[in-house]
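with the sequence up front, the predicted model follows.
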Amino acid sequence: MIHRRAVLVLAMMLFSCVSSVAYGQDLAALKASFNTEIDALNRRDLNATLAPVHDKMVLFGIFSPFPIEGKEGFQQAVQEYFDDYERAIFRPIDPEFKIIGTTGVAWGNFRIAVKLKNGPAKYFDGRYLFTYAQSDGKWVIISMHYSLLQPLVG
Amino acid sequence: MICRQVVLAFAVITLCFAPSVVRGDDLADLRAVFDKDIRLFNAHNKDAFVASAHDDIILFGILSPFAVKGKEALRQLMQGYFDDHVRVMFTPVNPEFFVAGTSALAWGHYTIAEQPKVGPRETIHGRYTFTYTKVDGKWLLVAMHLSPLQGY
């Protein structure tokens, strides 16, 4: 009887360890995917920016009130972003990550520093929330939602 | 021989149609969960609304610039919001849904009509993304992002 309980406890501990290791690996992969995406965007590498994006992704951005749907729409939006700005840097602030089931979420605040061609530098501060789905062991972006924080007036 | 070919053809047809049927069911379930969430919100039923959310839910909302994390924090936020208002009505505009495996999205525009206990009525227009994940056969709300349409 005692032997059976010991085996049961050991099995539960083993399962718990394996689960937490697997979660840790998934979380590391999610963070790496997010960092790679931001790096690609800041390097103005269109192909690398598009690589982890789902064919039917949805984007709510800060330059348009309307949603951008699908990889092709996202490609056009990113290309316009690269064309409009001589330089643009997206910097996540206090990035956080969570995995629930096969869904990953990356969220936090951001600052975008942009410089228009022949124009001054501008800064936008806001919040972002990316949603990922796990597909064939890889994290794929299914949604990006950005919202601006309004500057204090007065 | 013919019988075997018929069985094989039937199996292939079944396999071809099965994923889309499952996806259709998932989509219908997702819509139902979203509609229920909105009904509960508009009924000021914070406890039932929060019950269908995941414990670690994340919200970027319109009441605070900061992220609200977890069921209890969400419940407190909703309690304060409903306490300050006689009536709050969230109306989705052109709601859309998308299922990717066991992850899903509900997104679109919204109108919130607020009638505060003190002060004039207000109408807010914006955009929403709700993220769901399927756990034990149920769609759970894991994240929400609401962004008002200001400055466009």
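Alright, I've got the coordinates.

for whichever residue of chain B sits closest to chain A, which non-adjacent residue is spatially closest?
Of all residues in chain B, B:S147 sits closest to chain A, at 3.2 Å by C-beta to the nearest C-beta. C-betas here are computed from N, CA, C, even on glycine. Nearest non-adjacent residue to B:S147, counting by C-beta to C-beta, 6 or more residues apart in numbering or on different chains: A:S147, 3.2 Å away.

next: A:G70.
Using C-beta to C-beta, 6+ apart, the closest residue to A:G70 is A:K56 (5.8 Å).

quick revisit: number of residues surrounding the residue nearest to B:S147?
By the other C-beta atoms under 10 Å in any protein chain shown criterion, the neighbourhood of A:S147 contains 23 residues.

just the buried positions in the helix or strand containing the residue of chain B closest to chain A, please.
Assessed by DSSP states H and E, B:S147 sits inside strand B:138-148. Within strand B:138-148, the residues scored as buried using 16 or more other C-beta atoms under 10 Å in any protein chain shown are B:139-148.

CA atoms of it as CSV?
Provided in CSV are the C-alpha atoms of strand B:138-148 (Å, rounded to 0.1, in the frame of the first residue of the first chain):
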residue,chain,number,x,y,z
LYS,B,138,-14.6,24.9,-24.0
TRP,B,139,-13.7,28.3,-25.4
LEU,B,140,-12.2,30.4,-22.6
LEU,B,141,-11.5,34.2,-22.9
VAL,B,142,-7.8,34.7,-22.3
ALA,B,143,-7.2,38.3,-23.5
MET,B,144,-9.1,41.5,-24.6
HIS,B,145,-7.8,44.6,-26.2
LEU,B,146,-10.1,47.6,-26.6
SER,B,147,-8.8,50.7,-28.4
PRO,B,148,-11.1,53.8,-28.7
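
can you list the strands that that strand pairs with?
Applying DSSP bridges, strand B:138-148 is found paired with strand B:53-60 (parallel), strand B:122-135 (antiparallel).

how about TSV for the ones you listed, with mean pLDDT and mean neighbour count added?
Shown next, in TSV, are the strands paired with strand B:138-148 (pLDDT from 0 to 100; neighbours: other C-beta atoms under 10 Å in any protein chain shown):
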stretch	mean pLDDT	mean neighbour count
strand B:53-60	96	20
strand B:122-135	96	20
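
so which of those is nearest B:H85?
Minimum separation from B:H85 across the strands paired with strand B:138-148 (C-beta to C-beta) falls at strand B:122-135, 9.7 Å.

centre of the chain to the strand holding B:S147, how far?
Remark: strand B:138-148 is offset 5 Å from the chain centroid, using C-alpha atoms, centre = their mean, to the nearest Å.

average pLDDT for it?
Averaging pLDDT along strand B:138-148 yields 96.

next: stretch A:145-154.
74.

A:Y132 pairs with what?
Beta-bridge partners, per DSSP bridges, of A:Y132: A:G104, A:I141.

enumerate every residue touching it.
By C-beta atoms under 8 Å, 6 or more residues apart in numbering or on different chains, the contact list for A:Y132 reads A:30, A:33, A:103-106, A:139-142, B:103.

nearest to B:D83, of the strands paired with strand B:138-148?
Minimum separation from B:D83 across these (C-beta to C-beta) falls at strand B:122-135, 16.4 Å.

may I have that closest one as PDB, with CA atoms only?
Output in PDB follows, covering the C-alpha atoms of strand B:122-135 (Å, rounded to 0.1, in the frame of the first residue of the first chain):
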ATOM      1  CA  GLU B 122     -21.500  59.200 -23.500                       C
ATOM      2  CA  THR B 123     -20.900  57.200 -26.600                       C
ATOM      3  CA  ILE B 124     -17.500  55.700 -27.300                       C
ATOM      4  CA  HIS B 125     -16.500  54.000 -30.600                       C
ATOM      5  CA  GLY B 126     -13.600  51.700 -30.900                       C
ATOM      6  CA  ARG B 127     -12.000  48.500 -32.000                       C
ATOM      7  CA  TYR B 128     -11.800  45.200 -30.100                       C
ATOM      8  CA  THR B 129      -9.900  41.900 -30.200                       C
ATOM      9  CA  PHE B 130     -11.000  39.100 -27.900                       C
ATOM     10  CA  THR B 131      -8.600  36.100 -27.800                       C
ATOM     11  CA  TYR B 132     -10.000  32.700 -26.900                       C
ATOM     12  CA  THR B 133      -8.400  29.300 -26.300                       C
ATOM     13  CA  LYS B 134     -10.100  25.900 -26.100                       C
ATOM     14  CA  VAL B 135      -9.500  24.000 -22.900                       C
END
